[in-house]
Each structure stands twice: as structure tokens, then as C-alpha cells.
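S.K.: Sequence isn't available, so here's the structure alone:
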Ligand code: UDP
Ligand code: MG
């Protein structure tokens, strides 16, 4: 599409920063060099995620000299996912690149990500082919998580964990990010039909400051895995998940209860004394069954609110032939 607005950049670099004062200047310098060589109109969007050091100050100083640098300053520390989301929302480019602000992602790798996009992909995802991180706390958990993620999402990537990625703007803008879900962007995007490719990137130690995550991240990633799996499969039909469990429990409970009723009425047994455990089990199953079915119905209602309220659809139309009139008019004006 022809872009007739000369001020609109073609390329947006989104960089979440939380206390990265140590690397701001070098990152900016190296990035500018690479971007100038690319000869594309660009903007660098630094998202300051509530840093307590001089990160914002330094970015503001750079921005005063360089009109291609923008600062998006968040009111407090919201976490990496929110910082990324803020950056993506602000980005104006047709191509959006996200990277870390701690120099663990080499700006020099950027052209290769862009090249990949130009081959016709919607997302070019960085792959830390040779990792330098500690084995037990980083590489092993990440290996397991990546394997699981590839299995569960059906997206064959080696490395879900890196944020160094290039996107066609629509592919990232239509994804609702929350929680710690930025790690699952490829899975969520591929669910929406995005074409994804992997590009090897260099992996270096963090030169300054320290990582904001430790081993505890493993559990959060595991929890998110379950969420994503659930979202991918059951978002539009939660009752299919809760229903079988609920009806199974209810049926078991009713069978037990029926059996006990017969023993009582026909044989006049003392149910409480003779069949205590079965009685408790039956009551428990009936109650659990009803609750699970109720939960499923509740989830169905939530799903409908979710889909209507935010204009989400369970499908995405890529093209309409012939194009709707309103869209033709709009593109003429552009
Ligand atoms: N980050 C952020 N907000 C946070 C934590 C991290 O914006 O609450 C940024 C951080 O400044 C860096 C990127 O997210 O640019 C990745 O963080 P980090 O280097 O700590 O993670 P790791 O490389 O260890 O996975
Ligand atoms: Mg890092």
C-alpha cells in the first residue's frame, strides 16, 4: 500500500526499559547506525516501564536531539508484557520490531529479521541458537517450556522466550496482551493465521544491570502455558471443557445415590452406618457435577461478553472480494 503521509515511519522499534540506564546510550548509538543503513523511515519507541534510575531522563535527552526517538513513559512499573503492549499501541510503523533494552539483543541482527519479513512472513522471530545463559536456571527450564509450547500450540518454533521479533503491524496489533502473555505471541498470532519464521540471532550476556527475572519465572510460564492451551482450544466453547467433567461427576453421584436409595427402600438398610463412604462420595460427586456445569455455563456467558464487548470475532477475514465500499473510499483518501 502506498503511504502518502511523509511523517509516518515505515519501521517502529519498540524497546521496553526498566532500569536500563547503563545501556540506553550504547543501544541508541548502535541502533541508529543500523537503522540509517537500512534507509527506511523509522522511529525508536523507548517504553520506560516505571524505572527508578535515569532511564527516562537519558531517553528524553536523546529525544531532544533526535526526532526519530520517542519516549513512552508509563506511570509505574507494569511489567514487560504491559510495556510491550504500550509500545505496540503507540507504534506507527507498518513493520514493528520489539527488542530488549539491555543490549542482550544486538541491533546488528535487525536487518536479518526485516529481510525475513520481506520474504512474505507476518512474524520473524529471533532464535537464540547458541545460548550463553546458565544451564540449570535458564536453559533447561526454557528447553522444556519451548518443547511443551511447540507441542501445545502446534507452532514449530525453537525459541518462544525471546522478545526480539519483527512483525507486520496488523499481526501484532490485533493481539490482546495481558498477564505475562508476551511469550506466547507466536502461538496467539498463529492462531489468527499469521505466517511465522525463525531467524537465528546472537545471544550475549547482559552487559549492564541485572536480569529482572529468576527461577520463579518458570512457574509463571507454566501457568501461562495452561492458560494459552485453554484459550486456544476452549475460548469459544468453555462448556465443552467443563461439561463432560460435570456430567461425568453428576452421573457417578446419581448412580451411587440411586443405588443407596434402593438399598434403603428395598432392603431397609442403615445407609449411614453400612455405606458411609459411598454416601459421602455420591453427595460430593453430585455437588461437584452441578458446580462444574454451572461453571461451564458461567464461562459461556463470559465468552459471549468477551466476544461481543470488544468486537472480537472467532474468525478473521483476510480479504473480501469485491472489497466493501467503505473500505475502497478510505483507501482512496489515504
Ligand atoms: N523489563 C520491563 N519491565 C519489567 C521487567 C523488564 O520493561 O518489569 C524490560 C527490561 O528492561 C528489558 C526486557 O524487559 O529490556 C527484558 O528483561 P530482562 O533482561 O530482565 O529479562 P531476561 O533477558 O533476563 O529474560
Ligand atoms: Mg535481558
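M.R.: Nice, thanks for sending it over. Being a predicted model, the structure only gives us computed values, none of them experimental. Ligands and ions are numbered 1, 2, ... in the order given.
S.K.: which of the residues in stretch 242-251 are buried?
M.R.: Of all the residues in stretch 242-251, those buried under the rule 16 or more other C-beta atoms under 10 Å are 242-243, 246, 249-250. No exception for glycine: its C-beta is placed from N, CA and C like everyone else's.
S.K.: I'd guessed residue 208 sits against residue 55; true?
M.R.: No - Residue 208 is not in contact with residue 55 according to C-beta atoms under 8 Å; the separation is 11.6 Å.
S.K.: Compare those two (neighbour count), which wins?
M.R.: residue 55 (25 against 12; other C-beta atoms under 10 Å).
S.K.: Look up how far ligand 2 lies from the more buried one.
M.R.: 14 Å (C-beta to the ion, to the nearest Å).
S.K.: picking that back up, could you name every residue contacting both of residue 208 and residue 55?
M.R.: By C-beta atoms under 8 Å, 6 or more residues apart in numbering, residue 208 and residue 55 have these common neighbours: residue 20.
S.K.: follow-up on the earlier one: quick one: which of the buried residues of stretch 242-251 sit in helices?
M.R.: The helices, defined by DSSP state H, take in 242-243, 246, 249-250 from the buried residues of stretch 242-251.
S.K.: Put together CSV for these, with distance to ligand 1 on each row.
M.R.: Below are those laid out as CSV (distance: C-beta to the nearest ligand atom, whole Å):
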residue, distance to ligand 1
242, 34
243, 39
246, 39
249, 41
250, 45
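S.K.: Tell me who's in contact with the nearest residue to residue 190 once chain neighbours are set aside.
M.R.: The shortest distance from residue 190 to any non-neighbouring residue, by C-beta to C-beta, 6 or more residues apart in numbering, is to residue 155 (4.7 Å). Counting by C-beta under 8 Å, 6+ apart, residue 155 touches 149, 186-187, 190, 196.
S.K.: can you do 10 Å?
M.R.: The contact partners of residue 155, by C-beta atoms under 10 Å, 6 or more residues apart in numbering, come to 125, 149, 184, 186-191, 194, 196.
S.K.: what subset of these is also close to ligand 2?
M.R.: When C-beta under 5 Å from the ion is applied, no member of the contacts of residue 155 is adjacent to ligand 2.
S.K.: Closest one of those residues to ligand 2?
M.R.: residue 125 (16.6 Å; C-beta to the ion).
S.K.: Show me what counts as buried in the longest helix seen in the chain.
M.R.: The residue-count maximum for a helix in the chain (DSSP H) belongs to helix 276-309. Using 16+ other C-beta under 10 Å as the test for burial, helix 276-309 gives 279, 282, 285-286, 288-289, 292-293, 295-296, 299-300, 303.
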